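Student: Sharing a model that was predicted from the sequence below.
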Amino acid sequence: TPCECLDCVVADCVAVGRSHGLVDNGSMTPEIAQKLADAVDRMPAFPKSVQRILELSRDPNCTPKDLVTVIDHDPVLTAKMLKVVNSAYYALPRKITSINHAVVHLGFNPIKNLALSIAAIGMLPPSNAAGFDSQEYLLHSLSTAGLAKKLALRLDDADPMDCFIAGLLHDFGKVVFAQFMPNEFRKALQASQANGSSLHLALQEVIGVDHAVVGAMLVEKWRFAPNLIQTIRHQYGADLMDTDMIACVFAANQISKKLEFGFGGNPCIEELPPPLAKRLGGTLEEVMASLGDLAPVFEEAKIFSKV
């Protein structure tokens, strides 16, 4: 088991950051690296059951029975999932009393997505000193996840499940800032909202590093797959990479902001850069129009956010 003492986390964060292109040599001061590593170290780990679900999601030989077995061994997760499954949103003809029945009625992937959503929600602290609205953030993240999954269905090299997870976690670095660097984060939020600039630029100005960097550090600590780390790190500006997954998450993020499906603290809506527009087959407006009625995505996000 890797050592997770603070000194090792500092070293790992900076080393991992550089090896994955998360930070350039010299762009993160030792003081900031220490503070961020401390924050990452203090974030809770994903529950073992959810880590196992993530492993199963990457296993092509995984069966519904494997998933049911893992969830059944986590009574808290089971109770929360059954609460959502039995909500009016799904309008099932009879009450579902087991995860096995839930998989039968709703399918394999929706149940996996629900389990991961519940885990991410469980990571959110109930309050923070930055004045960051966690509920609005959660709605934005869940909506982005649902939209990214829809967009992934039209691209060859984007897995809908992976895009859902990436959309769900794309802004998680903000949670770290809100909890452990609240004064700096509040200042960046205020600057962004005062002039309508992108929050990641305000964070770079105020803190020296944005939420994409710390978010990538966090999912690396959580042992997520390299393509997810890459997507979270390289989703903005000059660092933007041209991949199918990033195209899905970037577009989903902008659509969620444009439709005001929650609010993640960033008022700036960006057009699709040409390489991403080419992958998705049009401008942001054209991609939005091609998706049809998106209200069900937001309704699902609202249901998930209440567990």
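Tutor: Perfect, thanks for sending it.
Student: From now on I want contacts and neighbour counts done on CA atoms only, so please keep to that.
Tutor: Will do.
Student: pLDDT below threshold where in this structure?
Tutor: Applying pLDDT under 70 to the chain flags the ranges 1-28.
Student: In it, where's the longest helix?
Tutor: When the chain is scanned for its longest helix (criterion: DSSP state H), the result is helix 134-152.
Student: which helices and strands does it pack with?
Tutor: Counting contacts by 3 or more C-alpha pairs under 8 Å, 6 or more residues apart in numbering; DSSP states H and E, helix 134-152 packs against helix 160-169, helix 244-258, helix 295-305.
Student: Identify the residues contacting the second one?
Tutor: Identification of contacts with helix 244-258 by C-alpha atoms under 8 Å, 6 or more residues apart in numbering yields 140, 143-145, 147-149, 151-152, 155-159, 162-163, 166-167, 170, 231, 234-235, 262-263, 267, 269-272, 276-277, 279-280, 284, 288.
Student: I255 versus the closest residue in space to H140 that isn't next to it in sequence, what's the distance?
Tutor: In space, and not counting its chain neighbours, H140 is closest to G262: 4.2 Å by C-alpha to C-alpha, 6 or more residues apart in numbering. According to C-alpha to C-alpha, to the nearest Å, G262 stands 11 Å off from I255.
Student: List the contacts of the closest residue in space to F298 that isn't next to it in sequence.
Tutor: Once flanking residues are discounted, F298 sits nearest to S143: 5.7 Å by C-alpha to C-alpha, 6+ apart. Contacts for S143 (C-alpha under 8 Å, 6+ apart) come out as 256, 261-262, 297-298, 301.
Student: if we go to 7 Å?
Tutor: Counting by C-alpha atoms under 7 Å, 6 or more residues apart in numbering, S143 touches 256, 261, 297-298, 301.
Student: re the thing from before, make JSON lines out of the helices and strands packed on helix 134-152 and add mean neighbour count and distance to V85.
Tutor: Below are those laid out as JSON lines (neighbours: other C-alpha atoms under 10 Å; distance: least, C-alpha to C-alpha, whole Å):
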{"stretch": "helix 160-169", "mean neighbour count": "26", "distance to V85": "19"}
{"stretch": "helix 244-258", "mean neighbour count": "26", "distance to V85": "24"}
{"stretch": "helix 295-305", "mean neighbour count": "18", "distance to V85": "10"}
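Student: Reformat those helices as CSV; add distance to F46.
Tutor: Shown next, in CSV, are the helices and strands packed on helix 134-152 (distance: least, C-alpha to C-alpha, whole Å):
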stretch, distance to F46
helix 160-169, 13
helix 244-258, 22
helix 295-305, 18
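Student: Can you say which of the ones you listed is nearest to I118?
Tutor: Judged by C-alpha to C-alpha, the one of the helices and strands packed on helix 134-152 that comes nearest to I118 is helix 295-305, at 7.3 Å.
Student: Using PDB, write out every CA atom in the closest one.
Tutor: Output in PDB follows, covering the C-alpha atoms of helix 295-305 (Å, rounded to 0.1, in the frame of the first residue of the first chain):
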ATOM      1  CA  ALA A 295     -35.000  18.700 -19.500                       C
ATOM      2  CA  PRO A 296     -34.900  15.000 -18.500                       C
ATOM      3  CA  VAL A 297     -31.200  15.300 -17.900                       C
ATOM      4  CA  PHE A 298     -31.700  18.100 -15.400                       C
ATOM      5  CA  GLU A 299     -34.700  16.200 -13.800                       C
ATOM      6  CA  GLU A 300     -32.500  13.200 -13.200                       C
ATOM      7  CA  ALA A 301     -29.700  15.400 -11.800                       C
ATOM      8  CA  LYS A 302     -32.200  16.900  -9.300                       C
ATOM      9  CA  ILE A 303     -33.300  13.400  -8.200                       C
ATOM     10  CA  PHE A 304     -29.700  12.200  -7.800                       C
ATOM     11  CA  SER A 305     -28.800  15.300  -5.900                       C
END
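Student: Good, we can wrap up now.
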